[in-house]
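In: pasting the sequence and the predicted coordinates here, then a few questions.
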Amino acid sequence: MTETEKPNALCPSHYPNFHCIGGQCEDSCCIGWRVHLDKATYHFYKSNRHKALFKLFEQSVRRSEPKGDDKHFGIISMGEDGRCAFLDNENLCRIQHNLGAQALSKVCANYPRRANRLGDQLEYSLSLSCPEVARLTLLDEQAMRFVSTDIDPALDHISTLGSGMNSETGLMVLNDLRALIIGILQSRDLTIDARLILTGLLLEDFEAAMQAPAISAGQHQREVLQRYVALLGRPQSLQNDIDQLQPNLILKMRLVTALIGDIPTSEHNTRFRNILKEAAEGLSFQDKAPATDDERIACHASAYADYYAPYFDHHAHVLENYLVHHVFHALFPFARTTLLAQYREMVCNYLVVTTLLLGRAAFHKTMTAELAVGTIQSYTRFAGHYTHFKETIVRIIEEQNLTDIGTLFAVLANFRHSSAPA
């Protein structure tokens, strides 16, 4: 880096355009969340004597239990209604109003921003759990683009790759893999399901190449990448091949029923509870009116043809942006466990999202941008807040015998192969 160059971070092109809409937000991040305080902020609040705040600081700011590190030193107690004690009647923060934005804890000041590091490259992204971010990200009809932005010193909590991925050459290959995954997911000559299946095939072959002897593993990995780049050059043939997969709709019904049935809901998150309720009613998942597998398949297929496909056949960029965002935001597929384990988790989350969308479309007898954004945002907020749901996904994958990737492809294959590409 020269003296005239400034350090920068890579981010989606919409990242610099994000601004919190405060009290106008339909799903406030100050309700139903666990808000941690760093050590410096905790002591600042406890020693602050501002006449409008000091009693609230005394009553609602406490040490973390069990005792946390300096970044999780304290916590703000939520009220019985799940609201932050510092949230006023207009859903605005009393701390920011009285003391300025500089007085906010790092968690509050930085959300929904996130910093990751891939080798030497710093990356910034935004969480889809924020409704305004979800609108900016999901509704953009252009393929997601990535640009450079200035370093933000406040974003000092940075997620990095795990051990074993530190060599410069290895990281370059992994970065190329992620770029290819994004390229596949943005290949609009293919259906969304075909793009996901092709991503799974790529990861299966790449993981096999990683098991080769060290002296030849890098070469095998590069050959895999080159082969899949070439495959993208003949999308129609590729789509025809994938269309030959026979969908296992009964297994799909059982999987999504098990996943959705194991979703816990907070009494404070009425938004997500209502989404689950609407989806269940739309697809006849009610406990009081159980349906056979054949009846559920018929119900799903009808809702898909009548309400889901007419919208997403022309707005598949919403699902594309959801998946591409995940790849960038979560450092997929390098953040944890094996490539295929992360792929199975992503597919299960995608199936939950699309099933909720299908159910809400059936319930409302239409699908709109507002319904799509609200569903994805609310589920993302749940999945990010209730981290144990990842363990639920792993358990259900094992119970449904979905560790074999070919079986997972049969679950991904949809009710019809004639869906128009994005």
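Out: Good, I have the coordinates.
In: low-confidence stretches in the protein?
Out: 1-5, 68, 161-169, 266-268, 285-291, 415-422 (pLDDT under 70).
In: contacts for the host helix or strand of Ile181, please.
Out: In this structure, Ile181 sits in helix 168-185 according to DSSP states H and E. Residues outside helix 168-185 that contact it (CB atoms under 8 Å, 6 or more residues apart in numbering) are 118-119, 121, 144, 161, 165, 190, 195-196, 198-199, 202-203, 206, 218, 221-222, 225, 228-229, 232, 320, 323-324, 327-328, 332-334. Glycine gets a C-beta too; all of them are placed from N, C-alpha and C.
In: ok, now with 7 Å
Out: With CB atoms under 7 Å, 6 or more residues apart in numbering as the test, helix 168-185 has contacts from 118-119, 165, 195, 198-199, 202, 206, 218, 221-222, 225, 228-229, 232, 320, 323-324, 327, 334.
In: same thing with stretch 400-411?
Out: Outside stretch 400-411, the residues within contact range by CB under 7 Å, 6+ apart are 197, 200, 204, 245-248, 251-252, 254-255, 258, 340, 344, 347, 397.
In: next one: that stretch to chain centre, how far?
Out: In terms of CA atoms, centre = their mean, to the nearest Å, the centre of stretch 400-411 is set 21 Å apart from its chain centre.
In: before we move on, what about stretch 42-53?
Out: Here the centre of stretch 42-53 is set off from its chain's centre by 36 Å, with CA atoms, centre = their mean.
In: do stretch 151-158 as well
Out: Its chain's C-alpha centre and that of stretch 151-158 lie 21 Å apart, by CA atoms, centre = their mean.
In: one step back: list buried residues within the contacts of stretch 400-411.
Out: Buried by 16 or more other CB atoms under 10 Å: 197, 200, 204, 245, 247-248, 251-252, 254-255, 258, 340, 344, 347, 397, out of the contacts of stretch 400-411.
In: kindly indicate which of the residues you listed lies nearest Ala383.
Out: Distance to Ala383, by CB to CB, is smallest for Val347 among these, at 13.7 Å.
In: a helix runs through that closest one, doesn't it?
Out: Yes - assessed by DSSP: H, G, I helix; E, B strand; the rest coil, Val347 belongs to a helix.
In: separation between the residue nearest to it when sequence neighbours are not counted and Glu223?
Out: Spatial nearest neighbour of Val347, chain neighbours left out: Leu408 (6.0 Å); criterion: CB to CB, 6 or more residues apart in numbering. Noted for Leu408: a distance of 24 Å to Glu223, by CB to CB, to the nearest Å.
In: who's more crowded, these two?
Out: Using other CB atoms under 10 Å as the criterion, Leu408 and Glu223 rank with Leu408 on top: 24 against 13.
In: secondary structure element holding that one?
Out: Using DSSP H and E, Leu408 sits within helix 405-412.
In: now the helix or strand hosting Gln219 against helix 168-185, angle please.
Out: Assigned by DSSP H and E, Gln219 falls within helix 214-231. Put simply, helix 214-231 runs at 20 degrees to helix 168-185, going by axes from the mean of the first three to the mean of the last three CA atoms, to 10 degrees.
In: which strands or helices does helix 214-231 pack on?
Out: Judged by 3 or more CB pairs under 7 Å, 6 or more residues apart in numbering; DSSP states H and E, the packing partners of helix 214-231 are helix 168-185, helix 192-210.
In: buried ones in the longest one?
Out: Okay, so that is helix 192-210. Buried, per 16+ other CB under 10 Å, within helix 192-210: 192-207, 209-210.
In: before we move on, the earlier item: TSV for the helices and strands packed on helix 214-231, including distance to Gly79?
Out: Output for the helices and strands packed on helix 214-231, formatted as TSV (distance: least, CB to CB, whole Å):
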stretch	distance to Gly79
helix 168-185	41
helix 192-210	41
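In: and the ones you listed: which comes nearest Phe44?
Out: Across the helices and strands packed on helix 214-231, Phe44 has its closest neighbour in helix 168-185 (38.7 Å, CB to CB).
In: enumerate every residue touching the closest residue in space to Lys39 that isn't next to it in sequence.
Out: Closest residue to Lys39 apart from its sequence neighbours, by CB to CB, 6+ apart: Phe73 at 3.9 Å. Counting by CB under 7 Å, 6+ apart, Phe73 makes contact with Leu37, Asp38, Lys39, Tyr42, Ser64.
In: please look at Asn321 and Met144 and confirm they touch.
Out: Yes - between Asn321 and Met144 there is a contact under CB atoms under 7 Å: 5.9 Å.
In: more neighbours: the two, which one.
Out: Using other CB under 10 Å, the more surrounded residue of Asn321 and Met144 is Asn321, with 27 against 20.
In: tell me where the stretch 1-150 of the chain has strands.
Out: With DSSP state E, counting those that start in this stretch as the criterion, the stretch 1-150 of the chain has strands at 8-12, 35-37, 61-63, 74-76, 113-118, 121-126, 146-150.
In: parallel or antiparallel, which strands does the third one pair with?
Out: Okay, so that is strand 61-63. Using DSSP bridges, the strands paired with strand 61-63 in its sheet are strand 74-76 (antiparallel).
In: which residues does the strand it pairs with contact?
Out: Outside of strand 74-76, the residues within contact range by CB under 7 Å, 6+ apart are Arg34, Val35, His36, Leu37, Tyr42, Ser60, Val61, Arg62, Arg63, Ser64, Cys84, Ala85.
In: ok, now stretch 96-113?
Out: Contact with stretch 96-113 is made by 29, 35-38, 41, 50, 52-53, 95, 124, 126-127, 129-130, 133, 154-155, 157, as judged by CB under 7 Å, 6+ apart.
In: which among those residues end up buried?
Out: So, by 16+ other CB under 10 Å, the buried ones in the contacts of stretch 96-113 are 29, 35-38, 41, 53, 95, 124, 126-127, 129-130, 133, 155.
In: of those residues, closest to Leu283?
Out: Within these, proximity to Leu283 (CB to CB) peaks at Ser129, which comes in at 24.3 Å.
In: nearest residue to the closest one other than its sequence neighbours?
Out: Of all residues not flanking Ser129 in the chain, Arg381 sits nearest, at 3.7 Å (CB to CB, 6+ apart).
In: show me what the helix or strand where that neighbour lies is packed against.
Out: Arg381 is located in helix 369-385, with elements delineated by DSSP H and E. Counting contacts by 3+ CB pairs under 7 Å, 6+ apart, helix 369-385 packs against helix 131-138, helix 270-282, helix 339-364.
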